[in-house]
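# quick one, fold the following:
(one chain, ligands or ions: 2)
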Amino acid sequence: MNIQTIMVVGAGQMGSGIVQVAAASGLKVLLHDISMAFIDKGLVSINKQLARGVEKGGLTEVRKAEILSRIQPSEQLEQAEQVDLVIEAISENMVLKTSLFQRLDTICPPRAILASNTSSLPITEIAAVTGRPSQVIGMHFMNPVPVMPLVEVIRGLETSQEVFEAVYKLSERMGKTPVEVKDFPGFVSNRILMPMINEAIFTVYEGVASVESVDTVMKLGMKHPMGPLELADFIGLDTCLSIMEILYEGFKDSKYRPCPLLRKYVKAGRLGRKSGQGFYSYHG
Ligand SMILES: CC(=O)CC(=O)SCCNC(=O)CCNC(=O)[C@H](O)C(C)(C)COP(=O)(O)OP(=O)(O)OC[C@H]1O[C@@H](n2cnc3c(N)ncnc32)[C@H](O)[C@@H]1OP(=O)(O)O
Ligand SMILES: NC(=O)C1=CN([C@@H]2O[C@H](COP(=O)(O)OP(=O)(O)OC[C@H]3O[C@@H](n4cnc5c(N)ncnc54)[C@H](OP(=O)(O)O)[C@@H]3O)[C@@H](O)[C@H]2O)C=CC1
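Ligands and ions are numbered 1, 2, ... in the order given. Model prediction:
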């Protein structure tokens, strides 16, 4: 399979990171979101990242311009009719994702692979709403995408070997280390990471220690680059809650119940860095 042109749907923190890395690897990339304002926000963030690269000396102006020239904003989803692969990176919500995959299935050429960057939703269930389940796959990047070397490649029940190999090779071309994972709630990464974050939230909820103290214990005691609450803010508290709910629903085990404090913060619109307030404040 010759993958040259891709579309990334969702210009949030993950989508924009995926676009940057894909364009840097030589792919032509269309970037789509529900409105031009969101696409522009994604493009601004990519520009900023590349400008930082130039400032630090790792990137030349010529290389930056070359990467940007491969990125094309795409206001109409219908432009997916020309692509070899779509990587979906919209909000972690099954209803949104399945309705998008149904639309993509009618728009994309028969050869196209439909990949999801979902953190935890079943790939098999997403694939089942399309007429091409053998060409649907999980391609789970880590945040921040330009920095983290891992991609979990998740086979749905019907994913073909050819599609698996194409996405595995593409991940390598994008400078990542792919790891094959079966389609199980939370895959590997979030089955292990998210209960730790949820437990950190319970530790604060039960008054065992402050937010700063919990993070300090994990940074200085366990050498984590970020404390779990800082990391939850970085990932997005809405995404963390969705993942815990999927683990809880998928395993029917009370150890995955989301902490009420996490639910309360999300209901209040405290989504972490992206909303300016989470366990920490990011105003100004
Ligand atoms: C939820 C899911 O489904 C799965 C997930 O993704 S879970 C989240 C996984 N990610 C993590 O666990 C991240 C943990 N945190 C870290 O590794 C580090 O704190 C960090 C890499 C984010 C920042 O590192 P740091 O040393 O504190 O900061 P800093 O020195 O500014 O950055 C280190 C490098 O990362 C780059 N960087 C930092 N933030 C970045 C961002 N948002 N986007 C792109 N690059 C970024 C910097 O430019 C810098 O690059 P150079 O080494 O080339 O100079
Ligand atoms: N955050 C993380 O650390 C990681 C997240 N992921 C996964 O990546 C995906 C995206 O997460 P993240 O980037 O953090 O989320 P963000 O909230 O930053 O971005 C999601 C983007 O998708 C847009 N969007 C929502 N619905 C649609 C739609 N129907 N069509 C087009 N665009 C849409 C959103 O617009 P609007 O704001 O209007 O809703 C927003 O711009 C999720 O599945 C998440 O689980 C995977 C790895 C790590």
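# from the protein, which residue is nearest to ligand 2?
residue 12 (1.8 Å; Cβ to the nearest ligand atom). All C-beta spots, glycine's among them, are computed from the backbone N, C-alpha and C.
# could you report the separation of the nearest residue to that residue once chain neighbours are set aside from residue 145?
Leaving aside its sequence neighbours, residue 12 sits nearest to residue 89 (Cβ to Cβ, 6 or more residues apart in numbering; 6.7 Å). Distance, residue 89 to residue 145, by Cβ to Cβ, to the nearest Å: 9 Å.
# likewise residue 262?
Plainly put, residue 262 is 24 Å away from residue 145 if you go by Cβ to Cβ.
# check contacts around the residue nearest to residue 159 when sequence neighbours are not counted.
Excluding the flanking residues, the one nearest residue 159 by Cβ to Cβ, 6+ apart is residue 137, at 5.1 Å. For residue 137, the contacting residues are 113-116, 123, 153-156, 159, 163-164, 167, by Cβ atoms under 8 Å, 6 or more residues apart in numbering.
# and what of residue 75?
Per Cβ under 8 Å, 6+ apart, neighbours of residue 75: 32, 36, 39.
# over to residue 127?
For residue 127, the contact set (Cβ under 8 Å, 6+ apart) comprises 101, 133, 136, 156, 157, 158, 159.
# change it to 10 Å
98, 101, 105, 114, 116, 133-138, 156-159, 183 (Cβ atoms under 10 Å, 6 or more residues apart in numbering).
# also residue 90?
Going by Cβ under 10 Å, 6+ apart, residue 90 touches 9-12, 14-15, 32-34, 96-97, 100, 116-118.
# just the strands in the stretch 1-150 of the chain please.
5-9, 28-32, 71-73, 85-88, 113-116, 136-141, 150-155 (DSSP state E, counting those that start in this stretch).
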